[in-house]
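[1] Okay, predicted coordinates and the sequence, questions at the end:
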Amino acid sequence: MDFFTLTLIKAGIVAAILLTTLAYLQWAERKLLAHIQLRLGPSRVGPHGLLQPLADVIKLLTKEDLLPAHVNKTLYMIAPFLAIALALIPISVVPFGPEIEVFGVNTHLQLTDLNIGLLFILAISSVGVYSVVLAGWASNNKYALLGSLRSAAQMISYELPLAVALASALLMANTLSLREIADSQAGYYLGFIPRWSVFQLPMPQIISFAVFLIAGFAETNRIPFDLPEAETELVAGFHTEYSSMKFASFFMAEYANIITMTCIATLLFLGGWHPLWPAAYGSSFVPSIVFFSGSAIALYHGLHPARPKDRYSLPAVAIAFLVAGLLFLVPALGGILTPLFWFAAKSGFLLFLFIWVRGTLPRFRYDQLMRFAWTYLFPVAMANLLVTGVLVAVFA
Amino acid sequence: MSEPDLSSSSLTPAEEPTEGSTSRRRMVLNMGPQHPSTHGVLRIILELEGETILNATPDIGYLHTGIEKECEVKTYQQVVPLTDRVDYLANLSNNLGYSLAVEKLLQLEIPPKAQWMRVLLVELTRINSHLVWLGTHAMDIGAMTVFLYCFREREDLLRIFEMFSGQRMMTSYIRVGGLALEPPRGWEQAVGKFIDAFPSKLAEYEDLLTKNPIWMNRTKGVGFLALEDLLDCGVTGPMIRAAGMKWDIRKDEPYSSYDKFDFEIPTREASDVYARYEVRLEEMRQSVRIIRQAMDGMPEGAWVTSAPNVVLPEREKMKTQIEALIYHFKIVTEGFTVPAGEAYVCIESPRGELGYYVVSNGTSKPHRVFMRTPSFANLQALPDMVKGRLIADTIAALGSIDFVLGDVDR
């Protein structure tokens, strides 16, 4: 199969999966937050509100696209497109799994393997600040301006600890290609401790992982660093004046950034698609076991229904889970799906962390946020980089 | 450009060329009246330099309902439902304040059961009001979950109020002469269940906030105002107790048998948002204590006073006794008359000193009802609290004042 066809197919698949994940990440966030907060969350559109993302898209598309009279029209129009475009690009260099063979074609589970993949992502995400600043400036609204100023300062400040935290992981991997970074974390110490960056000798990168996550929260404007859009202070921050799909672009960009951030964290610190323990001890059966137990639980609750309709809906879910679990046992599919499962599981856990924190913590104040970045996060990341550098130089 | 250049007028700030270079960097931000965290329709005009507040001017009056004036065309008993709407988070406190003032004019003796019942209900109201305060205050600072946890308990309270009066918020349950209705069957179980569970729920809020470093950063040292300045503004209630002054009307000028209850007045010295948070949380614990005492020692007897010219007669008597029928007719058609004179009664509402000044000219309608509302006085402290601080601190300070705009504007 020639290169272009293959790339087109892969791009289509990645785009479809990414956009679905985007939509359902919002659903998952609303649902999880709701359960943390003793609510039900979306429950009207489809079973368990599963069609809510679709309804939201339709709603946002059909809303009136307001263009306020006082805005700087060009920049006002450009900003949301810049936001969504820059948020979607980085996923193109993210590898989701190893090399696979489908219908006799060998390919990587990745759109493109740039040898400077990580730098590319960092560069793109830095440009992402522009969309926020332009939106705030062009809106000609005081709340939006304050929000975008906060955002500019915050994203630039937190980029430093973020990059420094990445650098210490890179010292260990000794490459900028994301695929090679993930591959450098394959294998196990003593046959069972994974060689992920967070465990890898000579310097386990636990500290830089923590710094990266914290800075990641700030980069994606999430609680406790959601100052640019702190709704209780700045109404809606930089996107106060945006409506309809323009607002949706910012919204989607935020979630796309979260997904990119978790993907990078998984690849750099959590060993990408490499399982927690070796296949020799049965790690390749984990997906099946997870799906089978999910199936069993659904079946049990289907047989003891809390609501009458559960008698029919939950067994259907159980069958779907059973099929999914069986798919992992098919030898030809198992090799493709198992790495993807591990990658999704690790990223999913980090995504859950993002939502969990949102349900728990209050918000920093602007000056505290800056002080935190410069007086704690940055020095810690620097110290970690130095120690890693020395240890790598001595032992490697 | 043919259109007026709006881009420069709104981004560059109110120019005042006569002043120095700093004035050119100033921006006037109109926070409210429609804003997520001004708790209603408060408008604050902020003069900013960057995010630093140079001046803050609260602008009130968006919720002015003319309740005080309206009282003058209602009979004395008809005023009670109006007092519900003044401070809509502490309805029963307002009912009580007004009833006490009119009872003072009428020189009525309230039976002990009614007094203890009033104490119990007013303390439940205090918890209710503090729960709304805690929830909204925490949400302003970004802790969204606390809000929903608080409203879970508030729901239980509103059900209790509904059980008593048939209404969740606008209860009008405390009336001139006693209570509106006989306490419902099973209220002991409902209230008992609530106060048994409540301390553990309080611990839950504390888990999320009290020791949380972000919460402490956002609240400690924020919104500080010295006690003298607070007193100059006429601030009362939890805010001055958080500044170290042990002033609580329940203790210092007891009304409605508060002197028979054993409770503490929590105080703190710091006079910042965190101190106010601690004081209010402790007050909720003390309220639970008072409610428990009120339940344990609830006296037997009548729940309204026996003043036939003020209190409606029992249905049974009305059908059998001509006097009762006449009184019923008189009270329903023209209300009861109150001897000419004036009375001021103040009580400790959840927000501070709530005073009712009632002037009677001897008819069945008050000549004047003046409400000394705590929110109005407390809000005056805001500009001094936030001057020189950041926008985010305004939000924290606003929340710590715990005002209700109905109470400010009346």
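    Here it is on my side, so go on.

[2] Return the residue of chain A that is most distant from the centre.
    No residue in chain A sits farther from the centre than residue A:308, which is 36.7 Å out by Cα atoms, centre = their mean.

[3] Quick one: classify the closest residue to chain A within the stretch 101-250 of chain B as helix, strand or coil.
    Nearest residue of the stretch 101-250 of chain B to chain A: residue B:142, at 2.8 Å (Cβ to the nearest Cβ). All C-beta spots, glycine's among them, are computed from the backbone N, C-alpha and C. Look at residue B:142: counting by DSSP: H, G, I helix; E, B strand; the rest coil, its state is coil.

[4] Same check on the one 10 residues further on?
    Going by three-state DSSP, the secondary structure assigned to residue B:152 is helix.

[5] Can you tell me the closest non-neighbouring residue to it?
    Excluding the flanking residues, the one nearest residue B:152 by Cβ to Cβ, 6 or more residues apart in numbering or on different chains is residue A:38, at 5.8 Å.

[6] circling back: thinking the residue of the stretch 101-250 of chain B closest to chain A is in contact with residue A:363, fair?
    Yes. With contact defined as Cβ atoms under 8 Å, residue B:142 reaches residue A:363; the gap is 2.8 Å.

[7] Just list whatever residues bridge to residue B:342.
    Bridge pairing for residue B:342 (DSSP bridges) gives the partners residue B:359.

[8] How much space separates it from residue B:372?
    To residue B:372, residue B:342 is 14 Å away according to Cβ to Cβ, to the nearest Å.

[9] Which residues are in contact with each of the two?
    Common contact partners of residue B:342 and residue B:372 (Cβ atoms under 8 Å, 6 or more residues apart in numbering or on different chains): residue B:357.

[10] Could you see whether chain B lies near stretch A:364-374?
    Yes. Judged by Cβ under 8 Å from any Cβ of the partner chain, stretch A:364-374 and chain B are in contact via A:364-368.

[11] What is the neighbour count of the single nearest residue of the stretch 251-400 of chain B relative to chain A?
    Closest contact between the stretch 251-400 of chain B and chain A, by Cβ to the nearest Cβ, is at residue B:392 (4.4 Å). By other Cβ atoms under 10 Å in any protein chain shown, 27 other residues sit near residue B:392.

[12] Quick one: distance of the host helix or strand of it to the chain centre.
    Per DSSP states H and E, residue B:392 falls inside helix B:391-401. Put simply, helix B:391-401 sits 18 Å off its chain's centre (Cα atoms, centre = their mean, to the nearest Å).

[13] for stretch B:26-44, same thing?
    Relative to the centre of its chain, stretch B:26-44 is centred 21 Å away, using Cα atoms, centre = their mean.

[14] tell me the domain boundaries of chain B?
    Listed by automatic domain parsing, the domain ranges of chain B are B:8-59, B:67-408.

[15] can you list the ones you listed in TSV and add mean pLDDT?
    Listed next are these as TSV, based on pLDDT from 0 to 100:
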stretch	mean pLDDT
domain B:8-59	70
domain B:67-408	89
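
[16] Out of these, the one nearest residue A:192 is which?
    Closest of the domains of chain B to residue A:192 is domain B:67-408, at 36.4 Å (criterion: Cβ to Cβ).

[17] What segments of the stretch 51-200 of chain B are helices?
    Secondary structure of the stretch 51-200 of chain B (DSSP state H, counting those that start in this stretch): helices at B:67-70, B:76-84, B:91-106, B:112-140, B:144-165, B:187-209.

[18] For those helices, give me TSV that also has mean neighbour count.
    As requested, the helices of the stretch 51-200 of chain B are exported to TSV (neighbours: other Cβ atoms under 10 Å in any protein chain shown):
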stretch	mean neighbour count
helix B:67-70	16
helix B:76-84	22
helix B:91-106	26
helix B:112-140	24
helix B:144-165	19
helix B:187-209	15
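
[19] Need those helices in a markdown table (columns: distance to residue A:147).
    Shown next, in a markdown table, are those (distance: least, Cβ to Cβ, whole Å):
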| stretch | distance to residue A:147 |
| --- | --- |
| helix B:67-70 | 38 |
| helix B:76-84 | 39 |
| helix B:91-106 | 38 |
| helix B:112-140 | 16 |
| helix B:144-165 | 19 |
| helix B:187-209 | 26 |
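
[20] Ok, which of those helices comes nearest residue A:384?
    helix B:187-209 (30.5 Å).

[21] Export the closest one to PDB, keeping only CA atoms.
    The C-alpha trace of helix B:187-209 is given here as PDB (Å, rounded to 0.1, in the frame of the first residue of the first chain):
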ATOM      1  CA  TRP B 187     -41.000  17.000  64.300                       C
ATOM      2  CA  GLU B 188     -38.700  15.700  67.100                       C
ATOM      3  CA  GLN B 189     -37.700  12.700  65.000                       C
ATOM      4  CA  ALA B 190     -37.000  14.900  61.900                       C
ATOM      5  CA  VAL B 191     -35.000  17.500  63.800                       C
ATOM      6  CA  GLY B 192     -33.200  14.900  65.900                       C
ATOM      7  CA  LYS B 193     -32.200  12.900  62.800                       C
ATOM      8  CA  PHE B 194     -30.800  16.100  61.300                       C
ATOM      9  CA  ILE B 195     -28.800  17.200  64.300                       C
ATOM     10  CA  ASP B 196     -27.400  13.700  64.900                       C
ATOM     11  CA  ALA B 197     -26.100  13.500  61.400                       C
ATOM     12  CA  PHE B 198     -25.000  17.100  61.000                       C
ATOM     13  CA  PRO B 199     -21.700  17.200  62.900                       C
ATOM     14  CA  SER B 200     -20.300  14.400  60.700                       C
ATOM     15  CA  LYS B 201     -21.300  16.400  57.600                       C
ATOM     16  CA  LEU B 202     -19.600  19.500  59.000                       C
ATOM     17  CA  ALA B 203     -16.400  17.300  59.400                       C
ATOM     18  CA  GLU B 204     -16.800  16.500  55.700                       C
ATOM     19  CA  TYR B 205     -16.700  20.200  54.700                       C
ATOM     20  CA  GLU B 206     -13.800  20.700  56.900                       C
ATOM     21  CA  ASP B 207     -12.000  17.800  55.300                       C
ATOM     22  CA  LEU B 208     -12.300  19.600  52.000                       C
ATOM     23  CA  LEU B 209     -11.400  23.100  53.200                       C
END
